[in-house]
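Enquirer: predicted model and sequence follow; I will ask about them next.
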Amino acid sequence: MASHGRPNYVAIWGWLVALMILGLAASFLPGARGLAVALIFATAVAKALLVALNYMHLKFEPRLIYAIAIVPVLFVLMLIVALFPDFVFSR
Amino acid sequence: MAIRTEAQAIPGILPGKVGVWWFLASEIMLFGGLIATFIVFRLGSTGWHGDAAHLSVPIGATNTLVLLTSSLTMVQAFAKAEDVNERGLRNNLALTILMGLAFLGIKAIEYSSEVWAGYTPASGIFWSFYYTMTGLHALHVLAGAIVNSILLGAGRLRNPLRLELAGLYWHFVDIVWIFLFPLLYLA
Amino acid sequence: MRESGAAVLDVHAHHAERGFWRTYVFSTDHKMIGKQYLSLGLFWAVVGGLLAHVMRWQLAWPETAVPGWGEVGPETYNVLVTMHGTIMVFFVAMPILLGAFGNFLIPLMIGARDMAFPRLNMLSVWVFALASLVLLVSFFIPGGAASAGWTGYPPLSAKAEYTGVNWGMDLWILAHALEFAAFLMGGVNYLTTAIALRVPGMTFFRLPLVIWQLLTATTLFLLSVGPLIAGAVMLLLDRIIGTHFYAAEGGGDPLLWQHLFWFFGHPEVYVILLPAVGLVLDVLPVFARKPIFGYRWIIYSTIAAGGLSFIVWAHHMFVSGMDPRLAMPFSITTILISVPFAFIMFAMIATLWKGSIRFDTPMLWALGFVAMFIVGGLTGIFNGSAPADIYISDTYFVVAHFHYTLFSSVVFGGFAGFYFWFPKMFGRLLSEPLGKIHFWLTLVFFNVTFFPLHNIGLAGMMRRIANPLEYEFLVPHQWINVVATVGGMLLLASQIPFVVNVVWSLLAGKTAPKNPWGANTLEWTAPSPPPHLNWGETLPVVYRGAYEYSSPEVAEDWLPQDRTLAARSR
């Protein structure tokens, strides 16, 4: 690990808390529910990326580790898409 | 005749790290399966918003904050280990364990207030999902706290790699909560 | 900071001091763990085979009691069907093909002294033993073993009232959970070992193909089992605390289980198939004395098939009430997946082309695999096309199809590997004549047993029925059932030469030389059987690919991977 710089862990935590508050605030947004939900999940994805890249050191890892982490995420997304016809459209 | 069994690991590849990432890949699929199912059921049904409204957002938000902060102390413990700062390492690791336990304590209070109000896993499909997802996640938090306690108790702290590996798992559990919180409480 | 917990082990100390328990029972040696998986798998093969025998007898002569078993009612028949499938897939095929060969071959073929995490490996086999115990116990508890089919579809599996089995079903789920935990530990170990512990010179594109196939299979398992574990947790909670995941009246949906099960279930059949394909791919060039045909393209095909296997699962659900809009995309992907497999099959056949073929026992099994698997693969195209499948779904045509694929993988592929590596595993040679008798009898009676099932399936016989004579339209076809049953009994009897061969060889067989077949891969440079930590003081270094047979550069017709060009004997 000594071979690369160390992210500012405390600053990352600051961002995480800020994003959390943003997500919470978005849930109280009046009017369009779609926008609120989009905002809530955008902050969640941003938080997850911050943790994975910095705290889990993914940004310093070789491509192999990236692949191990990303391929299952793609499979999950694909599973969601494939389940849509049976559980969303048909009801 | 002494033979080094693991010395010939290919330079730049740490077996422990590869192993933990493969394990996490299977964990992503486990929680991913649950979350995928939840999402399609949620989108395909009506009336879940009313059920979700019975969850306490302040409690959930507090727990999110606790877990995010525990990720900070976990990664700080690793940083202190790299700096050969044994005292800072121990303090941060102990804090991580405490926050993990605090998360579980808050979750237990939340569960009991919900059960008290009459919402059990059998109360409806939303509650089935809620208890299964958070319960499975809580078990993972407990496992993480146990792993960290073993590291702290066994005094095997000289090697920062061990802390990094335990940290990978801990941060993964944190990420799962980062998605469970908005899915269950906010959306 | 590059430390990997490197352990310095003393070879002498390890040889002298490991007692009986550490050597044979609580061993961390990958070779012993492989043999433990092999023994457990063979034990379950006997159990699964006997269950199959009882089923076949019942189907041929439904009104007669099965000798040694008694009357088989519909409830008992459900137990037989369920447990035969569960045992054969999860407790025979996986431990033998993935557990035994994976553990034995991966470190030896990549030049590692052991797995990356030897103690995790030991835990893996012991958790598997625990899973075996749980499954075995489930036969003897009140209510008997699980009877909701090996696929465990709810609502049948979700409520005890529907099958009359309560605890058996819970233990069935528990046994699966333990088994998955065991193979997750094993899988993490395989992948990490092959990524991190390859010997100098052993690049990814010099790995023997069986390693590639084992790694792909392991990856498929690791990435597909998660949703099924999630689904199994839901099923268990439905059963125990009354959640509503699969109960339509509570807002759930029984179809969900089928999606989650087959999301795992289809990659799972490749978890079984790919190691067998790998074993055969490694046996063929040795006995054709020719380089493998299309080494890299076989690897690309394997990866392509592995990736595609994640998007074909709904072809198991064409008649399940699934949204019909899903049928076409899943038919297309299913037909598409036959392309990489067809390539691999053609590569196998092209490897034989103009080779100097030796018909030793492992080669016979490998050729048997190629022939039989092609039959299974071709019937798969019928099953994969939704319009055809709607007619044949849940008939014996499907039963015939998956026995031609799975049985040929486990038995033909497995025996090819077993006869090939037996000298390395146990340090003894097997008898060639007995091995050949075993092969020919198995080949003939395998076809007598399973080929007629195609016909009776097309005639309309459904799966999982306990008494075909209750259906008037099946009565004229009953002779087919009798033929299959007689074939099945002879198929079981055909395994006697195998048992005799192994016992005789272990007791009095000829000592095996280091490299009895003249093969190139690294395991043949270690002593037979390899000692703990596999090689002496120095590990081999790899200079070339695994399949350089009949090279013009050397006088012999093989060129081992660890031979330098400087040592050429021209």
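Expert: Nice, thanks for sending it over. All figures in this text were calculated on a predicted structure; none of them were measured in a lab.
Enquirer: following element in sequence after the one helix or strand C:Ser338 maps to, please.
Expert: Assigned by DSSP states H and E, C:Ser338 belongs to helix C:327-352. Scanning forward in sequence from helix C:327-352 by DSSP H and E, the next helix or strand is helix C:361-384.
Enquirer: tell me what that following helix is packed against?
Expert: helix C:255-288, helix C:327-352, helix C:386-392, helix C:396-402, helix C:414-426, helix C:432-458 (3 or more C-beta pairs under 8 Å, 6 or more residues apart in numbering or on different chains; DSSP states H and E). Placement of C-beta: from N, CA and C, glycine included.
Enquirer: which parts of chain A sit against chain C?
Expert: Proximity of chain A to chain C (C-beta under 8 Å from any C-beta of the partner chain) is limited to residues A:1-3, A:64, A:71-72, A:75, A:78-79, A:82-83, A:85-87, A:89-90.
Enquirer: check those residues against chain B, which are close?
Expert: The residues of those that also fall near chain B, by C-beta under 8 Å from any C-beta, are A:Met1, A:Ala2, A:Leu64, A:Val71, A:Pro72, A:Phe75, A:Leu79, A:Leu83, A:Asp86, A:Phe87, A:Phe89, A:Ser90.
Enquirer: residue in chain A nearest to chain C?
Expert: Taking C-beta to the nearest C-beta as the measure, chain A has A:Pro85 as its residue closest to chain C, at 3.7 Å.
Enquirer: the helices and strands packed on helix C:361-384: which one's closest to chain B?
Expert: So among the helices and strands packed on helix C:361-384, helix C:255-288 is nearest, using C-beta to the nearest C-beta, at 6.2 Å.
Enquirer: packing partners for that closest one?
Expert: helix A:63-84, helix B:15-44, helix C:101-110, helix C:209-240, helix C:295-308, helix C:327-352, helix C:361-384, helix C:414-426.
Enquirer: which helix or which strand is home to the most centrally placed residue in chain A?
Expert: In chain A, the residue lying closest to the centroid (C-alpha atoms, centre = their mean) is A:Val45, at 2.0 Å. Assessed by DSSP H and E, A:Val45 sits inside helix A:33-50.
Enquirer: next, the buried residues of that helix.
Expert: Neighbour-count burial for helix A:33-50 flags A:Ala36, A:Val37, A:Leu39, A:Ile40, A:Phe41, A:Thr43, A:Ala44, A:Ala46, A:Lys47, A:Ala48, A:Leu50 (criterion: 16 or more other C-beta atoms under 10 Å in any protein chain shown).
Enquirer: stretch C:126-135 close to chain B?
Expert: No: Stretch C:126-135 lies apart from chain B when judged by C-beta under 8 Å from any C-beta; the minimum separation is 14.6 Å.
Enquirer: in CSV, list the helices and strands packed on helix C:361-384 along with mean neighbour count and mean pLDDT.
Expert: What follows is the helices and strands packed on helix C:361-384, written out as CSV (neighbours: other C-beta atoms under 10 Å in any protein chain shown; pLDDT from 0 to 100):
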stretch, mean neighbour count, mean pLDDT
helix C:255-288, 26, 96
helix C:327-352, 18, 95
helix C:386-392, 16, 92
helix C:396-402, 23, 96
helix C:414-426, 25, 97
helix C:432-458, 19, 97
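Enquirer: who's in contact with C:Met169?
Expert: Shown in contact with C:Met169 (C-beta atoms under 8 Å, 6 or more residues apart in numbering or on different chains): C:Ala146, C:Ser147, C:Ala148, C:Gly152, C:Ser157, C:Ala160, C:Thr163, C:Arg239.
Enquirer: mean confidence (pLDDT) on stretch A:20-33, please.
Expert: For stretch A:20-33, mean pLDDT rounds to 87.
Enquirer: for chain A, which residues score under the pLDDT cut-off?
Expert: Applying pLDDT under 70 to chain A flags residues A:1-4, A:91.
Enquirer: over in it, which residue gets nearest chain B? Let me know.
Expert: Ranking the residues of chain A by distance to chain B (C-beta to the nearest C-beta) places A:Val76 first, at 3.2 Å.
Enquirer: burial count for that residue?
Expert: Close neighbours of A:Val76, defined as other C-beta atoms under 10 Å in any protein chain shown, add up to 22.
Enquirer: so who does it touch?
Expert: Taking C-beta under 8 Å, 6+ apart, one finds B:Ile28, B:Met29, B:Gly32, B:Gly33, B:Ile35, B:Ala36 in contact with A:Val76.
Enquirer: and chain A, which of those contact it?
Expert: Answer for the contacts of A:Val76 near chain A (C-beta under 8 Å from any C-beta): B:Ile28, B:Met29, B:Gly32, B:Gly33, B:Ile35, B:Ala36.
Enquirer: measure the nearest residue to C:Lys290 once chain neighbours are set aside to chain B for me?
Expert: Of all residues not flanking C:Lys290 in the chain, C:Gly355 sits nearest, at 4.0 Å (C-beta to C-beta, 6 or more residues apart in numbering or on different chains). For C:Gly355, the distance to chain B equals 34 Å [C-beta to the nearest C-beta, to the nearest Å].
Enquirer: residues near C:Gly355, how many?
Expert: Here the number of neighbours of C:Gly355 (other C-beta under 10 Å) works out to 18.
Enquirer: how about it, what does it touch?
Expert: By C-beta under 8 Å, 6+ apart, the contact list for C:Gly355 reads C:Pro285, C:Ala288, C:Arg289, C:Lys290.
Enquirer: farthest pair within the residues you listed?
Expert: Greatest spatial distance among those (C-beta to C-beta): C:Pro285 and C:Arg289, at 7.7 Å.
Enquirer: identify the contacts common to these two.
Expert: With contacts taken as C-beta under 8 Å, 6+ apart, C:Pro285 and C:Arg289 have C:Gly355, C:Tyr549 as neighbours in common.
Enquirer: thinking again about what came up before, can you tell if the helix holding A:Val45 touches chain B?
Expert: Yes: residues of helix A:33-50 contacting chain B under C-beta under 8 Å from any C-beta: A:Val37, A:Ile40, A:Phe41, A:Thr43, A:Ala44, A:Lys47, A:Ala48.
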